[in-house]
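sequence? don't have it. structure:
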């Protein structure tokens, strides 16, 4: 198996397989089977998204998988972005359908005909809903578990508002939601307003949510969009104002996918296997008994007491009382990325402690049996903080400022910060010369100005460019 530094792509595939996060042997390429362990992690991530949706007054819905072609075609820019990626249903049994059906690539064209029925007056606004469903896109590039698949585990929120100001307040709230979720995943990220040629089809503007992989390439883990009235006009989503006038609603969406799990693997795992943030680990701690024949019963009794105390406190724990040598158990749980291992043997009991080993940095120490719950909680908090800070430092190390286009090339693995005047001609010229993508300009303004890397215009805002996965 190659190391993470030698060949990130092959290392990633092997790590996913070794940890048994999914099974890629399903007979349709890019449509993988979620295994129990992988699904537990993804379900935990989903729970964070549901938590944030509930806290911000979104209601969960579930729309049908199939969309009539007549509805799908109403928004021409949206269709233009998906026309090479969608799957079509053309027959019901042996009978050709009068109207072809699209297998959902995303849900705007499924939801918005219903929104036009649900919204009547200003009292129906804001409308805020979300769903967690599977979407389907014909990914023609090389597939990779969680990162590039054809059946996508997808979170999407959709909102309708009376005006642009309220809609943009929702985008700002979406940014706060992303921050809360990524904090739980110990994932650093950037928020960049995409270029006009790279925004979501049909959006007024798109905020891309990117993190950086160990090879310096960026991975988009989500996006927030302000649609203005680009969808409400073709779908006739209007509301009656207090004075009786009718206006088109302003809309937003937030989308995140199973790429969140792919990002956790890519950012945190090492050559031994997964390293899971405590918040999403199916098991936060595993207890390994270390005994001899003459003290087995005593050691097992203490281990059971510790396991019961941790579980009672809400800490996801397991006593590994299976057959096998301790070393083999250590290896198995390291591969699975369990954040904290507790070892309890005869000498530990004599000293009234358990020996711990942290998965994030290998640190070892002891925690007193009498204060096991607060001790474990403190260690888990330290693990989360260390994982986030380590990932932030790594991400920042890839960024380099670039003042002009004098260089012949941009090295693989570099993210460049440039001045850009915003002119598409300059943007395309830069991308074409260096075979790199302008990710966009910061959503949160940065206190930085410079000259355009291409035309030399002074007083330009920063933009970031990178090669992407």
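Great, that's in hand. Computed from a prediction, not measured in an experiment: that's the story for all the values here. Residues are numbered from 1 along each chain as shown.

per-residue pLDDT, residue 317?
In this model, residue 317 is scored at 97, pLDDT.

please renumber so the chain begins at 29
All set: I'll call the first residue 29, so the last point we hit is now residue 345.

quick one: the closest residue to it other than its chain neighbours from residue 312, how far?
With sequence-adjacent residues excluded and distances taken as C-beta to C-beta, 6 or more residues apart in numbering, residue 345 is closest to residue 338, at 4.0 Å. Using the backbone N, CA and C atoms, a C-beta is placed for each residue, glycine as well. According to C-beta to C-beta, to the nearest Å, residue 338 and residue 312 sit 8 Å apart.

the residue nearest to residue 345 touches residue 331, doesn't it?
No - with contact defined as C-beta atoms under 8 Å, residue 338 does not count as touching residue 331 (10.8 Å).

tell me how this protein divides into domains.
48-296, 313-408, 427-494 (automatic domain parsing).

phi, psi of residue 126?
Dihedral angles of residue 126 (phi, psi; degrees, to the nearest 10) stand at phi -70, psi -40.

buried set for the host helix or strand of residue 447?
According to DSSP states H and E, residue 447 maps onto strand 443-448. In terms of neighbour count (16 or more other C-beta atoms under 10 Å), strand 443-448 has its buried residues at 443-448.

how much does the next helix or strand along the chain from it deviate in direction from strand 443-448?
Next in sequence after strand 443-448, counting helices and strands by DSSP H and E, comes helix 452-462. Orientation check (axes from the mean of the first three to the mean of the last three C-alpha atoms, to 10 degrees): helix 452-462 against strand 443-448 gives 150 degrees.

which strands and helices sit next to helix 452-462?
Under the contact definition 3 or more C-beta pairs under 8 Å, 6 or more residues apart in numbering; DSSP states H and E, helix 452-462 sits against strand 443-448, strand 465-470, strand 489-494.

what comes into contact with that helix?
The contact list for helix 452-462 (C-beta atoms under 8 Å, 6 or more residues apart in numbering) reads 223-225, 433, 437-438, 446, 448, 464-466, 480-483, 493.

6 Å - rerun?
By C-beta atoms under 6 Å, 6 or more residues apart in numbering, the surrounding residues in contact with helix 452-462 are 223, 438, 466, 480, 482-483.

can I get the buried part of those as one PyMOL selection?
Buried residues among the contacts of helix 452-462 (16+ other C-beta under 10 Å), as a PyMOL selection:
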select buried, resi 223+438+466+480+482
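
biggest separation within the contacts of helix 452-462, which pair?
438 and 483 (18.5 Å; C-beta to C-beta).

could I get the helices and strands packed on helix 452-462 as TSV with distance to residue 292?
Listed next are the helices and strands packed on helix 452-462 as TSV, based on distance: least, C-beta to C-beta, whole Å:
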stretch	distance to residue 292
strand 443-448	20
strand 465-470	21
strand 489-494	20
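
what are the boundaries of the strands in the stretch 29-178 of the chain?
Per DSSP state E, counting those that start in this stretch, the stretch 29-178 of the chain carries strands over the ranges 50-51, 61-62, 87-88, 94-96, 115-120, 123-131, 155-164.

residue 302 is nearest to which of those?
Closest among the strands of the stretch 29-178 of the chain, using C-beta to C-beta: strand 50-51, at 12.9 Å.

can you pull the contacts of the residue lying closest to residue 140 once chain neighbours are set aside?
Leaving aside its sequence neighbours, residue 140 sits nearest to residue 263 (C-beta to C-beta, 6+ apart; 4.0 Å). Going by C-beta under 6 Å, 6+ apart, residue 263 touches 140-141, 144.

can you do 7 Å?
If a contact means C-beta atoms under 7 Å, 6 or more residues apart in numbering, then residue 263 has 102, 140-141, 143-144 as its contacts.

of these, which belong to helices?
140-141, 143-144 (DSSP state H).

reformat those residues as TSV; add neighbour count.
TSV is the format used below for these (neighbours: other C-beta atoms under 10 Å):
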residue	neighbour count
140	23
141	16
143	21
144	15
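
quick revisit: which neighbours do residue 338 and residue 312 share?
Shared contacts of residue 338 and residue 312, counting by C-beta under 7 Å, 6+ apart, come down to residue 345.

what sits against residue 284?
Residue 284 neighbours (C-beta under 7 Å, 6+ apart): 77, 183, 249-250.

those in strands, which ones?
Judged by DSSP state E, the subset of the contacts of residue 284 located in strands is 183, 249-250.

could I get those as CSV with pLDDT, neighbour count and distance to residue 398?
Converted to CSV, the ones in strands among the contacts of residue 284 look like this (pLDDT from 0 to 100; neighbours: other C-beta atoms under 10 Å; distance: C-beta to C-beta, whole Å):
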residue, pLDDT, neighbour count, distance to residue 398
183, 98, 21, 42
249, 98, 26, 42
250, 98, 25, 44
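
just give me the closest of those to residue 197.
Closest to residue 197, out of all of the ones in strands among the contacts of residue 284 and judged by C-beta to C-beta, is residue 250, at 18.9 Å.

that closest one is in contact with residue 236, isn't it?
No - taking contacts as C-beta atoms under 7 Å, residue 250 lies outside contact range of residue 236: 8.1 Å.

now for those two: what residues contact both?
By C-beta under 7 Å, 6+ apart, no residue touches both residue 250 and residue 236.

can you pull up the most central residue in this protein?
residue 288 (2.4 Å; C-alpha atoms, centre = their mean).

now that one: which helix or strand?
Applying DSSP H and E, one finds residue 288 within helix 287-296.

what residues does the next helix or strand after that helix touch?
Proceeding N to C from helix 287-296, the next assigned helix or strand is strand 313-318, under DSSP H and E. With contacts defined as C-beta under 7 Å, 6+ apart, strand 313-318 is touched by 327-328, 331, 334-335, 338, 343, 345-349, 354, 357, 361, 366-373, 404.

just checking, what packs against the helix or strand just after strand 313-318?
Of the helices and strands lying after strand 313-318 in sequence (DSSP H and E), the nearest is helix 324-340. Identification of packing neighbours for helix 324-340 by 3 or more C-beta pairs under 7 Å, 6 or more residues apart in numbering; DSSP states H and E yields strand 313-318, strand 345-347, strand 368-373, helix 374-378, helix 400-425.

buried residues in helix 324-340?
327, 330-331, 334-335, 338.

between the helices and strands packed on helix 324-340, which gets nearest to residue 120?
So among the helices and strands packed on helix 324-340, strand 345-347 is nearest, using C-beta to C-beta, at 48.0 Å.

other SSEs contacting that closest one?
Counting by 3+ C-beta pairs under 7 Å, 6+ apart, strand 345-347 packs on strand 313-318, helix 324-340.
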